[in-house]
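Undergrad: A predicted structure for the sequence below; I have some questions about it.
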Amino acid sequence: MKLIEKTKNDIKKVLTEFIALWFALRDRRVPWYTKVVILIPLGYIISPIDLIPDAIIFVGQLDDLLVK
């Protein structure tokens, strides 16, 4: 049961962070460069393009591990 509760808490934390970022993106008071800083990592995670190829030992594999 502890694993299920921990997973539920983790999901709640991620959703809370997502909602906070969503409101930050929609708020006019937030500077444009802050919005770019929010969108670049999100685009990198969603993008099917692997910017750091796996042929680069350790760095390419670490990149894939962090994104997944």
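TA: Cool, the structure landed.
Undergrad: show me the residue at the heart of the protein, geometrically.
TA: Central residue of the chain (Cα atoms, centre = their mean): residue 42, 5.1 Å from the mean position.
Undergrad: and it, how far is that from residue 56?
TA: 23 Å (Cβ to Cβ, to the nearest Å). Any C-beta I mention is one placed from the backbone N, CA and C, and that applies to glycine too.
Undergrad: go on, residue 45?
TA: In terms of Cβ to Cβ, residue 45 sits 19 Å off from residue 56.
Undergrad: swap in residue 7?
TA: Residue 7 is 33 Å from residue 56, by Cβ to Cβ.
Undergrad: with residue 1 instead?
TA: Separation of residue 1 from residue 56 (Cβ to Cβ) stands at 42 Å.
Undergrad: neighbour count for the two, which is higher?
TA: Ranked by neighbour count (other Cβ atoms under 10 Å), residue 1 and residue 56 place residue 56 first, with 11 against 5.
Undergrad: is the more buried one in a helix, a strand, or coil?
TA: What DSSP: H, G, I helix; E, B strand; the rest coil gives for residue 56 is coil.
Undergrad: hmm, residue 25 is touching residue 42, no?
TA: No: the criterion here is Cβ atoms under 8 Å, and residue 25 misses it with residue 42 at 9.6 Å.
Undergrad: before we move on, back to that, just the pLDDT at the residue nearest to the centre of the chain, thanks.
TA: pLDDT recorded at residue 42 is 80.
Undergrad: cool, and residue 27?
TA: 95.
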